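**Student:** Got a sequence here, can you model it:
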Amino acid sequence: MFRTLDIILVVVMTAVAAITYTLKHQAELKLEEVRRIEAEIKLERDTIDLLKADWALLTQPARLQKLIQTYQQELQLTPTASTQLVQPSELPMLKADLPVFHPADANKDGEVSQKEAKAYEKKAAQDADRISTGSVKPE
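**Tutor:** Numbering: from 1, shown residues only. Next up, the predicted model:
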């Protein structure tokens, strides 16, 4: 009746059908997960838009002015004087931006001793901490 080839083909067809069903089921699960994530993204975007609108309302100058007037005694706020503003060029240099040695301290070969380099680095760090602006009185 059934030949061996027929039995093998029936088994192969059954296996292929099972694999096809499994792949279809996994694809549906992934599609469901993608839809869930898209819904979460939309919710987050809506929340961000709502928070931006809320922030815009809270930071309106007219509203802030009313709050300042209402709570002036408790806050004791004063306007910023123009002499309190500093230009970026007036700020001290960052210690990370300091050179390690001064070129004048180098010998003929362009080398600097450890002692000279540390001394220069210490002096440069002290100089960088001093602020000389017209708005800040020197100590």
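
**Student:** how long is stretch 80-88 from one end to the other?
**Tutor:** Stretch 80-88 stretches 18 Å from its first residue to its last (CA to CA, to the nearest Å).

**Student:** How is this protein divided into domains?
**Tutor:** According to automatic domain parsing, the chain is divided into the following domains: 4-68, 81-128.

**Student:** Where among those domains is average confidence lowest?
**Tutor:** Mean pLDDT is lowest for domain 81-128 out of those, coming in at a mean of 65.

**Student:** one step back: now the domains of the chain in CSV, with mean neighbour count and distance to residue 75?
**Tutor:** The C-beta positions use only the backbone N, C-alpha and C, and glycine is treated the same way. Converted to CSV, the domains of the chain look like this (neighbours: other CB atoms under 10 Å; distance: least, CB to CB, whole Å):
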stretch, mean neighbour count, distance to residue 75
domain 4-68, 10, 7
domain 81-128, 11, 17
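
**Student:** how about JSON lines for the ones you listed, with distance to residue 74 added?
**Tutor:** Shown next, in JSON lines, are the domains of the chain (distance: least, CB to CB, whole Å):
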{"stretch": "domain 4-68", "distance to residue 74": "11"}
{"stretch": "domain 81-128", "distance to residue 74": "22"}
